[in-house]
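J.: have a look at this prediction, sequence included:
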Amino acid sequence: MKRVVITGAGTINALGHSLAETLAAMREGRCGIGPLELRDVDRLSVRIGGQVRGFDPTARFDRQQLALYDRFTQYTLAAAQEAVEHAGISFDGELALRAGVVFGTAGGGVGTWDENYRTVYEAGKNRVHPFVVPKLMHNAAASHVSIRYGLRGPSFTVSTACASSNHAMGLAFQMVRSGAAPVILTGGAEAMLCFGGVKAWEGLRVMSKDACRPFSANRNGMVQGEGAGVFVFEDYDHARARGAEILCEVAGFAMTSDAADIVTPSREGAARAMAGALADAGMATEEVGYVNAHGTGTAVNDRVECAAIADVFGAHADRLMVSSTKSMHGHAIGGTGAIELAACIMALRDGVIAPTVNFEQPDPDCPLDVVPNEAREARVDAALSNAFSFGGLNAVLALRRL
Amino acid sequence: MSTRDKVIAIIAEQAVLDPSDVTMESTLEDLGIDSLGLVECIFAIEEEFDISIPFNANEPAASDFDISSVKAIVAGIEQLVTEKA
């Protein structure tokens, strides 16, 4: 079995257009959620979100590329470029033949569906652009990254709603660990902040109209975000041989299924996923200093997640720092785990714990150290990153400082 | 059909019951309607009466809309329908 390390990272989200900007915002506890700017926003009842701002696709991509790139692909390519440059890796020869791409997304090209439904249903046109299908397909982002960097090994996309990125990164980890590929570009993206994408979420009545306040007693729901995170997962020996900077080690991964309710999370399913990731990593509970929580800010998720953490960690739960960065970048659905992995890297590499902002009132059902409102400096040897999806599919990564 | 009968018909359909089995004193729990079923009921009622019901599943107690029984729901809808008219 190979050891797996992260040697490059890139992200774009409501907090910034790069890893450095994102981590700076997390250190400052800055919230990137604000009024939504999108067509027909006046017909929405939820009008806030964690939107990527100031992103000019035409400055990055040419006309032919834009005809093929939905927003989720644009975000992915931006993050991938940063991650590959950060890793200082070039994909030539045998490496190019064996390296691959594993991404997660919940909705794929939602904006492309939305625009083209308008064209045929609202505008009554009978013709759409010839590239609608290759633009909206869930694997479009993975394919374009494979094409861009000439990666000719195993590439695919997984879709498990809010856990998509964690499932993707977990599979990438397993593939590098097993020797199936020496390097995988992995992570995920979501770009669902369009009229139809927000309207669909409104229907569930779990959205906050004012703020995302995870673990706070006065929390009143989730807030959608968007963006991408891409990481270079690399065989440790391969990384060492080329003298790469190592950001942290991916030590373990586990996935479980609740087999219960389609939307209500299960304490038992979440706990089994966390315990499984620790066991897979050979990690004692006492080693873990930080848990990047799923922490959506809904009444039920945060209560259930805290109970599950207590079940897994016992008395050590009181010494853990547990934060939800969704309070700052919003819930980027299938891309969220990838954006949140940046916070884990910051904890392990830089010793800075991203806070849970908008925390106003302690909740007796969430009696953990949620790092309220201000980032904290602390040496952390190991961290978990949680993702629990609608459909009851749970995916937890265990990471170590190197 | 009265507002009351329409609301009962919607709730009965969600609960897979005959409308005669839904009484004004029934609670949603008595009728086996869970949180997802409630959200579906509210959607159907909004569509039927062309009203908006203030309801967030995260804080069901926070709005003025009382869902503690069929009677309370009917009263809330009647008020919203009156306000609309």
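T.: Arrived safely.
J.: hmm, A:I353 is touching A:S323, no?
T.: Yes - because the distance of 6.4 Å satisfies C-beta atoms under 8 Å, A:I353 is recorded as touching A:S323. Yep, even glycine has a C-beta here, placed from its N, CA and C like the rest.
J.: between the two, what contacts are shared?
T.: Counting by C-beta atoms under 8 Å, 6 or more residues apart in numbering or on different chains, the contacts common to A:I353 and A:S323 are A:Y290, A:V371.
J.: contacting residues for the spatially most central residue of chain B?
T.: Nearest to the geometric centre of chain B sits B:I73, at 4.7 Å (C-alpha atoms, centre = their mean). By C-beta under 8 Å, 6+ apart, B:I73 lies in contact with B:V7, B:I11, B:D66, B:I67.
J.: nearest to chain A among those?
T.: When these are compared for distance to chain A (C-beta to the nearest C-beta), B:I67 wins out at 12.0 Å.
J.: confirm that closest one sits in a strand?
T.: No - B:I67 is assigned coil when assessed by DSSP: H, G, I helix; E, B strand; the rest coil, not a strand.
J.: helix or strand for the residue nearest to the centre of chain B, which one?
T.: In the assignment (DSSP states H and E), B:I73 maps to helix B:70-84.
J.: report the buried residues of that helix.
T.: Under the neighbour-count criterion of 16 or more other C-beta atoms under 10 Å in any protein chain shown, helix B:70-84 has B:V70, B:I73, B:V74, B:A75, B:G76, B:I77, B:L80 buried.
J.: please enumerate the helices of chain B.
T.: B:3-15, B:35-49, B:70-84 (DSSP state H).
J.: what does the first one rub up against?
T.: Meaning helix B:3-15. Under C-beta under 8 Å, 6+ apart, the answer for helix B:3-15 is B:1, B:18-19, B:21-22, B:24, B:28, B:31-33, B:37, B:40-41, B:44-45, B:48-49, B:70, B:73-74, B:77-78, B:81.
J.: what residues does the stretch 101-250 of chain A have near chain B?
T.: A:G203, A:L204, A:R205, A:V206, A:M207, A:S208, A:R219, A:N220, A:G221 (C-beta under 8 Å from any C-beta of the partner chain).
J.: which pair of the residues you listed spans the longest distance?
T.: Checked with C-beta to C-beta, these reach their widest spread between A:G203 and A:R219, with 19.9 Å between them.
J.: more neighbours: which of these two?
T.: With neighbours defined as other C-beta atoms under 10 Å in any protein chain shown, A:G203 and A:R219 compare such that A:R219 has more, 29 against 11.
J.: and that one, how far is that from A:N358?
T.: Distance, A:R219 to A:N358, using C-beta to C-beta, to the nearest Å: 8 Å.
J.: what do you get for A:N139?
T.: Distance, A:N139 to A:N358, by C-beta to C-beta: 35 Å.
J.: compare those two (neighbour count), which wins?
T.: A:N358 (25 against 18).
J.: test my guess that the more buried one contacts A:C212.
T.: Yes - here A:N358 lies in contact with A:C212, judged by C-beta under 8 Å, at a distance of 6.3 Å.
J.: which bits of chain B sit near chain A?
T.: Within chain B, the positions near chain A by C-beta under 8 Å from any C-beta are B:S35, B:L36, B:V39, B:I42, B:F43, B:S52, B:F55, B:N56, B:A57, B:N58, B:E59, B:A62.
J.: same thing but 10 Å
T.: B:34-36, B:38-40, B:42-43, B:52-60, B:62 (C-beta under 10 Å from any C-beta of the partner chain).
J.: only whichever of these are buried, select them in PyMOL.
T.: The PyMOL selection below is limited to those of the residues of chain B next to chain A classed as buried (16+ other C-beta under 10 Å):
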select buried, chain B and resi 35+38+39+40+42+53+55+56+57+58+60
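J.: could you dump the worst-scoring helix or strand of chain A on mean pLDDT to PDB, C-alpha only?
T.: Within chain A, no helix or strand scores below helix A:63-66, which has a mean of 94 by mean pLDDT, DSSP states H and E. C-alpha atoms of helix A:63-66 as PDB (Å, rounded to 0.1, in the frame of the first residue of the first chain):
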ATOM      1  CA  ARG A  63     -15.200  31.800 -27.400                       C
ATOM      2  CA  GLN A  64     -15.000  28.100 -28.400                       C
ATOM      3  CA  GLN A  65     -14.100  27.100 -24.800                       C
ATOM      4  CA  LEU A  66     -17.000  29.100 -23.400                       C
END
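J.: list the buried residues in whatever helix or strand comes next after it.
T.: Downstream of helix A:63-66, the next assigned helix or strand under DSSP H and E is helix A:71-87. Across helix A:71-87, burial judged by 16+ other C-beta under 10 Å covers A:71-84, A:86-87.
J.: and A:R98, what pLDDT?
T.: Listed pLDDT for A:R98 reads 98.
J.: before we move on, what about A:S45?
T.: Confidence score, pLDDT, at A:S45: 95.
J.: now do the contacts for it.
T.: A:S45 sits next to A:V198, A:K199, A:E202, A:R205, A:M207, A:K209, B:S52, B:P54 when contact means C-beta atoms under 10 Å, 6 or more residues apart in numbering or on different chains.
J.: give me the subset of these lying in strands.
T.: Among the contacts of A:S45, DSSP state E puts none in strands.
J.: ok, of those residues, which one's closest to A:A347?
T.: A:M207 (28.5 Å).
J.: for the closest one, which residues are in contact?
T.: Counted by C-beta under 10 Å, 6+ apart, A:M207 has contacts A:44-46, A:48-49, A:198, A:201, A:220-224, A:297-298, A:331, B:56-58.
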